[in-house]
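Undergrad: sequence unknown, structure follows:
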Ligand SMILES: Cc1cn([C@H]2C[C@H](O)[C@@H](COP(=O)(O)OP(=O)(O)OP(=O)(O)O)O2)c(=O)[nH]c1=O
């Protein structure tokens, strides 16, 4: 049984390689807009399923399973995806400074009409950040393709004073939940 990762994210690929899951990667293009009144929880799960299913539709190997995932940062009533500009990244990081927020990552696997999914919700606390620190961080370019405008695995690691949940989930692919899904579909590795 072959596994495909329907994602452009190098982090998701790195995490799957970390646990030695064999896979091939390609990206899918989707409308990622949120429905009116859709909860963050429902939104990430819908997008993870949509990525896996669109990936399966696109995949020539119809015996394969396709994995998709989606990550959002949730602070109070706000939902932060990838910032569209350095200014938006600055606004996100100023709000996250000195506060706790949640990171939700959903993961889904699809094959024909079958689609299984799981969600991980982790809690992260940032120490207070100065505007100069935020601007210096944005100038590195790292925040621009990351949900919530930061990377736990990168230069933002020293900003994080508390994490409750899953490091890999915050990074974009919760490995506990992913391995549960792979076991459920009978995909064995190692
Ligand atoms: C919070 C956080 C997010 N991220 C990344 C993971 C995801 O790549 C990205 C969230 O955006 P997503 O829209 O979930 O994913 P993506 O567009 O990068 O890739 P694809 O949809 O093709 O699978 O943010 C980190 O790398 N580190 C972090 O600490």
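TA: Perfect, thanks for sending it. Not measured: the values here are computed from a predicted model.

Undergrad: What helix or strand is the residue located most distally from the centre of the chain located in?
TA: Centroid-distance maximum for the chain: residue 132 at 27.3 Å, with CA atoms, centre = their mean. In the assignment (DSSP states H and E), residue 132 maps to helix 131-139.

Undergrad: Which elements pack onto that helix?
TA: Helix 131-139 sits against helix 86-96, with contacts defined as 3 or more CB pairs under 8 Å, 6 or more residues apart in numbering; DSSP states H and E. Every C-beta, even on glycine, is put in place using the N, C-alpha and C of the backbone.

Undergrad: Outside of the helix it packs on itself, list whatever touches it.
TA: If you take CB atoms under 8 Å, 6 or more residues apart in numbering as the criterion, helix 86-96 is touched by 73, 75, 78, 80, 83, 126, 129, 131, 134-135, 137-138, 143-144, 148-150.

Undergrad: Return the subset of the residues you listed lying in helices.
TA: Using DSSP state H, the members of those that fall in helices are 131, 134-135, 137-138.

Undergrad: So which of these reach the ligand?
TA: Contacts with the ligand within these, counted by CB under 6 Å from any ligand atom: none were found.

Undergrad: returning to what we had before: and the pLDDT for the residue farthest from the centre of the chain?
TA: Model confidence at residue 132, given as pLDDT, is 98.

Undergrad: Next: residue 190.
TA: Residue 190 carries a pLDDT score of 87 in this model.

Undergrad: Determine the three-state secondary structure at the residue nearest to it when sequence neighbours are not counted.
TA: Excluding its sequence neighbours, the residue lying closest to residue 190 (CB to CB, 6 or more residues apart in numbering) is residue 20, at 5.8 Å. What DSSP: H, G, I helix; E, B strand; the rest coil gives for residue 20 is coil.

Undergrad: all numbers from here: first residue = 795
TA: In the new numbering, first residue 795, that becomes residue 814.

Undergrad: if I read this right, residue 814 contacts residue 983, doesn't it?
TA: Yes: the pair formed by residue 814 and residue 983 meets the contact definition of CB atoms under 8 Å, at 6.1 Å.
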